[in-house]
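>>> what would the 3D arrangement of this be:
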Amino acid sequence: MCLKKQIFNFLDALNYKGTYIIRVSRFAAYSSGLESTDGTYRMKYSFTAANNNETEPNDSFATAMPLTANQKVTGFLAQNDTLDYYSITIPSRQKIQIKCTAMLYTWIKIYDEDFSLIKTVEGSYGTSESKPQVLTYEAELAAGTYYIKPSAGTNFNASYGNYILSWAPVDTSNTSSNTNTSSNSNTSGNTNTSSSSNTNKSTMIYSPKKTTIRKVQGKSKSIKITIKKPTSKITGYQVQYATNSKFSRGKIKSTRQTTITIKKLKAKKKYYVRVRTYRKVSGKTYYSSWSKAKSIKTKK
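Numbering: from 1, shown residues only. Below is the predicted model:
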């Protein structure tokens, strides 16, 4: 009998304390390359604390950890915890900077209070504890609650690790900018450490307030929709209608009035409708999130 010694090292990252089960099973002889799959084995394990101070669980909008201005939190993304959520509250319109120093390949996403995505800032492959990367995002935001979601990338060499997240108001008294810029740079010296940065700057984010459907009426092969006028400044409305609640293959009509009639529909057919606001600024169009959908049946 010929015996071969094989050593297997497994490195995993788990973000929750508790009891885990390790299962050991033997390979078939044809796949293991051993003349016999019978034998003994020894196992040992060790762990290193992640030293994160985030409040778990924080893996959804509902459980987002509140983060105050200038507060720094150390988070940890693992194989069983690939994303975190944080909520920030801005008391008045102001320019802020979100900063994330990542020790893993990651990206951060910023959402408004309606859970609509505002921006995604993606990191670079190869980011690790020895090669951290700084992700920053600057924007002028209206008063309200916003959410920040760091999530782990798919780079198997660094799919888990720590990050340091913070946000703070930006002093704009001496500086101004009317351009959108982004940069991605890597620097290295004579040591084994290096760093990189990915900055995304924006001078203004216009997030128009969402609205609701005040009334919807079924007419002869048509639908009449009355929209609630929001208090904030907008350019107009978009009405989406479809024959299914998922709005697949739905059509959109734009209007600047709070009342719109959609014609040339099928008779005695059930339709779903929803509405959102939009605002045009400097050639760009900004949309609110969609309102709650309502259904109505057309008449003959």
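>>> could you identify the helix or strand that succeeds the helix or strand containing Thr74?
With elements taken from DSSP states H and E, the one containing Thr74 is strand 73-77. Heading C-terminal from strand 73-77, the first helix or strand you meet, by DSSP H and E, is strand 86-90.
>>> what average pLDDT does the strand holding Thr74 get?
Per-region confidence: strand 73-77 scores 93 on mean pLDDT.
>>> in what helix or strand does Gln97 lie?
Remark: Gln97 resides in strand 94-102, with elements defined by DSSP H and E.
>>> strands paired with the helix or strand just after that strand, and their directions?
Beyond strand 94-102 on the C-terminal side, the first helix or strand identified by DSSP H and E is strand 106-111. Taking DSSP bridges as the criterion, strand 106-111 pairs within the sheet with strand 117-122 (antiparallel), strand 144-152 (antiparallel).
>>> make a markdown table out of those strands and add distance to Val134 and mean neighbour count.
Where C-beta positions appear, they are placed from N, C-alpha and C, glycine not excepted. Compiled in a markdown table, these are given as follows (distance: least, Cβ to Cβ, whole Å; neighbours: other Cβ atoms under 10 Å):
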| stretch | distance to Val134 | mean neighbour count |
| --- | --- | --- |
| strand 117-122 | 11 | 15 |
| strand 144-152 | 13 | 19 |
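>>> would you turn those strands into CSV with mean pLDDT?
Putting the strands paired with strand 106-111 into CSV (pLDDT from 0 to 100) gives the following:
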stretch, mean pLDDT
strand 117-122, 90
strand 144-152, 92
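>>> how about those strands, which one is nearest Asn58?
When those are compared by Cβ to Cβ, strand 144-152 sits nearest Asn58, at 9.8 Å.
>>> orientation of that closest one relative to strand 86-90 in degrees?
Direction vectors for strand 144-152 and strand 86-90, defined by axes from the mean of the first three to the mean of the last three Cα atoms, to 10 degrees, enclose an angle of 150 degrees.
>>> ok, then the element right after strand 144-152?
Following the chain from strand 144-152 toward its C-terminal end, the next helix or strand by DSSP H and E is strand 161-169.
>>> least confident secondary structure element in the protein?
Least confident helix or strand of the chain, by mean pLDDT, DSSP states H and E, is strand 182-188 with a mean of 40.
>>> report the buried residues of stretch 58-72.
By neighbour count on 16 or more other Cβ atoms under 10 Å, the buried set for stretch 58-72 is Asn58, Ala64, Met65, Leu67.
>>> which of those fall within helices?
Judged by DSSP state H, the subset of the buried residues of stretch 58-72 located in helices is empty.
>>> closest one to Val121 out of those, please.
Ranked by distance to Val121 (Cβ to Cβ), these are led by Leu67 at 16.4 Å.
>>> for the nearest residue to that closest one once chain neighbours are set aside, list each beta-bridge partner.
Ranked by Cβ to Cβ, 6 or more residues apart in numbering and with sequence neighbours excluded, the top spatial neighbour of Leu67 is Tyr86, at 4.5 Å. With DSSP bridges applied, Tyr86 shows beta-bridge pairing to Met65, Ile148.
>>> close enough to count as contact, Tyr86 and Asn58?
Yes: Tyr86 lies in contact with Asn58 (Cβ atoms under 8 Å); the separation is 7.0 Å.
>>> pLDDT weak spots in the stretch 151-300 of the chain?
Applying pLDDT under 70 to the predicted model, the residue ranges of the stretch 151-300 of the chain that meet it are 154-159, 172-207.
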